[in-house]
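Visitor: attaching a predicted model along with its sequence, questions to come.
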Amino acid sequence: MMEALQSWDAKGRWDTIHLAGVRDLADPTIFDKIITGEIPAAIVKEDDKILAFKDINPVAPAHVLVIPKDRDGLTRLRKATSEHIEILGRLMLAAGEIAKDESLGFGDGARIVVNDGKEAGQEVFHLHVHVLGGREFNWPPG
Ligand code: AMP
């Protein structure tokens with residue numbers, strides 16, 4: 001049974017089926033343990049759909065990650081379908097709100113980043129938005 005389901009995954013056949021995105025057979029990540037409270041995190045924002053917490057290994061004076069509480073197949077951005085429009089909007093809205101929170105060390109500018117896949121530096125396969133601030137950033141990014 002699992003083999004058949006995984007074969008459908010490999011062929012991308014779920015993508016054409018309404019609400020198929022509720023299936024998520026990918027391996028859990030460390031972020032699941034943060035969501036359940038199994039491992040601690042410095043939570044800066046939370047509602048019923050999203051969780052935002054400080055990155056454990058910050059690359060800027062202010063570095064927050066925003067994640068969907070229910071991964072719902074979003075191991076990475078390119079897994080998104082039209083079914084994810086609401087959660088994607090919520091993630092971006094939260095990122096923008098966090099980016100102007102001076103109490104977290106953000107100033108008048110922030111770098112909002114999604115690493116999509118290993119080639120882009122993604123290490124945790126649970127979609128997350130990096131909100132970086134408190135210093136100047138270069139363009140193009142490294
Ligand atoms: P990415 O490379 O885009 O997948 O980013 C994953 C981020 O998760 C990295 O910046 C890590 O420092 C961060 N991270 C990993 N484990 C934890 C944790 N337990 N608490 C907070 N941030 C974490």
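Guide: Thanks, I have it.

Visitor: ok, the residue nearest to L77 when sequence neighbours are not counted - contacts?
Guide: Distance criterion Cβ to Cβ, 6 or more residues apart in numbering; nearest residue to L77, sequence neighbours excluded, is D116 at 4.3 Å. For glycine as for every other residue, the C-beta is placed from the backbone atoms N, C-alpha and C. D116 makes contact with 76-78, 122, according to Cβ atoms under 8 Å, 6 or more residues apart in numbering.

Visitor: return the member of those nearest to the ligand.
Guide: Nearest to the ligand among these is Q122, at 4.2 Å by Cβ to the nearest ligand atom.

Visitor: from V114, how far off is V66?
Guide: To V114, V66 is 10 Å away according to Cβ to Cβ, to the nearest Å.

Visitor: that should have said P28, apologies.
Guide: With Cβ to Cβ as the criterion, P28 and V114 are 20 Å apart.

Visitor: look up phi and psi at D27.
Guide: D27 adopts backbone torsions of phi -60, psi 140, taken as degrees, to the nearest 10.
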